[in-house]
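# only geometry, no sequence info:
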DNA sequence: GCGACAG
DNA sequence: ATCTTGTCGC
């Protein structure tokens, strides 16, 4: 798929904040999706002491969740990990991997937050805007916000509140397992996002999309080409 | 000023 | 994220 470059990649947090504030105003948190036939999972891993960023995209059919295609991209790491600026470290490589895709996904599940972010612009928002594809943030841990305890049952959830606003949901994807943090990335509402995340869950805590992407980005099973 | 802090 | 073996539990 083709992706139009909307900005240069900043080298400092100060420059990154300006970009986040500009793009955050363009994020859409209402449903604007087409029929979902393909769901993509995205993840990033690091090699060579972190100097190389490896991005993986896995496209699964929906709703049957069978792997249809995957791409990889390697790039030198140019931005450090700073909470609140994860996208500037990972998105450049992800974009490159997405451009190699033959199938254009109808929905993207990201490993990280959507609008559940200090400036309402997590990695799912960034990827959603750059690709103009509906995107959901599914994070394994909390970045910002508070929430009440939730039932142990699969499907239970509680609003994630930050500065008086509901920015996401804390969702129990499997009974008695630690919950995940779901938030809108772009072109999707929270209720719809929760629904899709649950529909991508089979027998594990994380969606099959992110499990595939994670496996590919970390090269487990030695199924990847060296480069 | 003191903590908190996606991956 | 990454460094790393065995081990407890279903």
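Okay, I see it. A quick note: this is a predicted structure, and the numbers were derived from the prediction, not measured. Numbers count the residues shown, from 1 in each chain, chains lettered A, B, ... in the order given.
# which bits of chain A sit near DNA strand B?
A:43-44, A:81, A:83-87, A:111-113, A:117, A:122-123, A:137, A:139-143 (Cβ under 7 Å from any atom of the strand). C-beta here means a position set from N, CA and C on the backbone, and glycine is covered the same way.
# in strands only, show me those residues.
A:43-44, A:137, A:139 (DSSP state E).
# tell me the one of those nearest residue A:67?
Lowest distance from residue A:67 to those (Cβ to Cβ) belongs to residue A:43, with 14.1 Å.
# can you tell me how far residue A:101 is from residue A:42?
11 Å (Cβ to Cβ, to the nearest Å).
# which of these two has more neighbours?
For residue A:101 versus residue A:42, neighbours defined as other Cβ atoms under 10 Å are more numerous around residue A:42 (29 against 17).
# does the more buried one touch residue A:111 like I think?
Yes: contact status for residue A:42 versus residue A:111: in contact at 6.6 Å, counting by Cβ atoms under 8 Å.
# residue A:50 - nearest residue in space that isn't next to it in sequence?
For residue A:50, ignoring the flanking residues on the chain, the nearest one in space by Cβ to Cβ, 6 or more residues apart in numbering is residue A:77 at 5.8 Å.
# ok, the one you found - contacts?
By Cβ atoms under 8 Å, 6 or more residues apart in numbering, the contact list for residue A:77 reads A:46, A:50-53, A:89.
# what do you get for residue A:154?
Counted by Cβ under 8 Å, 6+ apart, residue A:154 has contacts A:172-175.
# mind listing the helices for chain A?
Using DSSP state H, the helices of chain A run over A:13-24, A:86-99, A:123-131, A:190-199, A:208-217.
# return the most buried member of those helices.
With neighbours taken as mean count of other Cβ atoms under 10 Å, those reach their highest mean count in helix A:123-131, at a mean of 27.
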